[in-house]
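Enquirer: Next input, structure requested:
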Amino acid sequence: MSAMSKKQRVKGDVFMSEAKDTLAKRTWFASGTEQKNEDAAELFQKAANAYKVGGFFNEAGAAYKQSADIFLNQLKNPMEGSKSLTDSGHCYKKIDPTKAIEAFRDSISIMCDNGRLTQAARLSKEVGDLFENDETDESGDSVKLAIESYQQAAELYEMEQQKSQANQCFVKVAELSSAALSPPDFLQAAELYQKLGTDCLDSNLLKYNAKGYFLQSILCHLANQDSIGASQAMSRFSSLDFTLRESREGKFAESLIECIEGMDSEGFATTCFEYDRISKLDPWKTTILLSVRKSIEGEVGDDGEEDDLDLT
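Expert: Predicted coordinates for the structure are as follows:
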């Protein structure tokens with residue numbers, strides 16, 4: 001422990017002691033009680049700041065939480081309470097994601113109740129990030145919770161007419177639903193990618209991104225073993241974007257649909273290889289295309305081992 005850390009630890013301990021002593025004081029009038037609680041809340045915040053600077057994040061998170069409790073329960077100040085909860089979560093985030101998520105969720109609820117939807121959306125996205133990056137989860141629940149948090153963030157952003165931020169969150173929902181969730185929800189992902197592509201067509205700056213989203217939607221239909229749905233989606237998207245069929249994405253999608261309908265595994269691999277030579281397949285597309293190919297040739301070979309699913 002460095003000299004600075006020791007100094008900050010001592011400073012934090014002193015502020016904590018003063019905060020507790022302040023709360024223990026007896027007061028006879030309502031105004032005195034309110035002032036006492038304000039002083040105690042401020043001292044808990046000072047303690048938290050000292051701990052945070054010293055790197056004692058657990059202590060800092062706990063001190064911010066005590067400050068929040070006073071603001072919410074004694075002073076009836078939800079704005080300051082949610083701020084302290086958010087600060088608590090950011091401290092816990094460095095050492096204990098579970099406690100961080102708990103603090104963030106409490107803060108989100110307060111923000112929503114008080115119309116601070118943009119701040120709530122931002123924090124909900126942060127909760128989604130924490131769940132998505134949870135490496136300790138073996139049940140798959142973290143993926144579901146990440147999807148719920150990103151979905152909540154997207155809807156809150158939409159309420160505030162912040163379409164760009166909302167779409168970023170919808171992208172996360174679609175990606176996780178199709179490539180990380182077990183079992184995957186390809187239909188929800190297909191619908192989200194359709195929505196994202198359609199939204200892009202409304203903007204001159206974003207309309208060139210529509211083809212990529214439409215391709216992802218079609219791939220989700222194929223992964224859902226629904227070549228008819230994929231073909232119908234291709235027709236629908238082509239009516240919205242007249243350049244789709246002649247684009248690289250459109251030709252790729254139509255070739256894949258043809259290979260699936262003909263159960264042509266070799267043609268499928270060739271189509272993927274040719275596309276990858278020009279437009280490198282990203283990890284999401286690779287994952288989905290592997291899932292699609294399994295529907296053609298089977299997941300397990302005669303020897304009980306998985307088939308070679310290399311697309312190239």
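Enquirer: contacts and neighbour counts: CA atoms only from here.
Expert: OK.
Enquirer: where does the stretch 1-150 of the chain dip in pLDDT?
Expert: For the stretch 1-150 of the chain, applying pLDDT under 70 flags the ranges 27-31.
Enquirer: hang on, Asp137 is in a helix, isn't it?
Expert: No: looking at Asp137 with DSSP: H, G, I helix; E, B strand; the rest coil, it is coil, so not inside a helix.
Enquirer: Tell me, how many residues neighbour it?
Expert: Neighbour count of Asp137, defined by other CA atoms under 10 Å: 12.
Enquirer: how near is it to Ala146?
Expert: Here Asp137 is placed at a distance of 12 Å from Ala146 (CA to CA, to the nearest Å).
Enquirer: Can you pull up the most central residue in this protein?
Expert: Gly128 (3.4 Å; CA atoms, centre = their mean).
Enquirer: What distance do you get for that one to Pro183?
Expert: Taking CA to CA, one finds Gly128 at 19 Å from Pro183.
Enquirer: and the helix or strand harbouring Glu254, what does it pack onto?
Expert: Assigned by DSSP states H and E, Glu254 belongs to helix 248-261. The helices and strands touching helix 248-261, judged by 3 or more CA pairs under 8 Å, 6 or more residues apart in numbering; DSSP states H and E, are helix 210-223, helix 227-240, helix 265-278.
Enquirer: most packed of those?
Expert: Highest mean neighbour count of the helices and strands packed on helix 248-261: helix 210-223, a mean of 26 (counted as mean count of other CA atoms under 10 Å).
Enquirer: got the contact list for that helix?
Expert: 178, 186-187, 189-194, 196-201, 227, 229-231, 233-234, 237, 244, 249-250, 253, 257, 260, 285, 288-289, 291-292, 295 (CA atoms under 8 Å, 6 or more residues apart in numbering).
Enquirer: and the residue nearest to the centre of the chain, what helix or strand is that in?
Expert: helix 117-132.
Enquirer: Kindly export the next helix or strand after that helix (C-alpha atoms) in PDB.
Expert: Counting by DSSP H and E, the element after helix 117-132 in chain order, helix or strand, is helix 141-159. C-alpha atoms of helix 141-159 as PDB (Å, rounded to 0.1, in the frame of the first residue of the first chain):
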ATOM      1  CA  ASP A 141     -28.700 -16.300 -17.400                       C
ATOM      2  CA  SER A 142     -26.300 -13.400 -17.900                       C
ATOM      3  CA  VAL A 143     -26.900 -13.400 -21.600                       C
ATOM      4  CA  LYS A 144     -30.700 -13.200 -21.000                       C
ATOM      5  CA  LEU A 145     -30.200 -10.400 -18.500                       C
ATOM      6  CA  ALA A 146     -27.900  -8.500 -20.900                       C
ATOM      7  CA  ILE A 147     -30.600  -8.700 -23.600                       C
ATOM      8  CA  GLU A 148     -33.200  -7.400 -21.200                       C
ATOM      9  CA  SER A 149     -31.000  -4.500 -20.100                       C
ATOM     10  CA  TYR A 150     -30.100  -3.500 -23.700                       C
ATOM     11  CA  GLN A 151     -33.800  -3.800 -24.700                       C
ATOM     12  CA  GLN A 152     -34.700  -1.500 -21.800                       C
ATOM     13  CA  ALA A 153     -32.000   1.000 -22.700                       C
ATOM     14  CA  ALA A 154     -33.200   1.000 -26.400                       C
ATOM     15  CA  GLU A 155     -36.800   1.600 -25.400                       C
ATOM     16  CA  LEU A 156     -35.800   4.400 -23.000                       C
ATOM     17  CA  TYR A 157     -33.700   6.100 -25.700                       C
ATOM     18  CA  GLU A 158     -36.600   5.800 -28.200                       C
ATOM     19  CA  MET A 159     -38.900   7.600 -25.700                       C
END
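Enquirer: I'd like to know the average pLDDT value across stretch 175-189.
Expert: Stretch 175-189 shows a mean pLDDT of 96.
Enquirer: okay, how far is it across it, tip to tip?
Expert: 7 Å.
Enquirer: quick one: that stretch to chain centroid distance?
Expert: Counting by CA atoms, centre = their mean, to the nearest Å, stretch 175-189 is centred 14 Å from the centre of its parent chain.
Enquirer: what sits up against that stretch?
Expert: Applying CA under 8 Å, 6+ apart, the set of residues contacting stretch 175-189 is 140, 143-144, 147, 173-174, 217, 220-221, 223-224, 284, 287-288.
Enquirer: at 6 Å instead, please
Expert: 174, 220, 224 (CA atoms under 6 Å, 6 or more residues apart in numbering).
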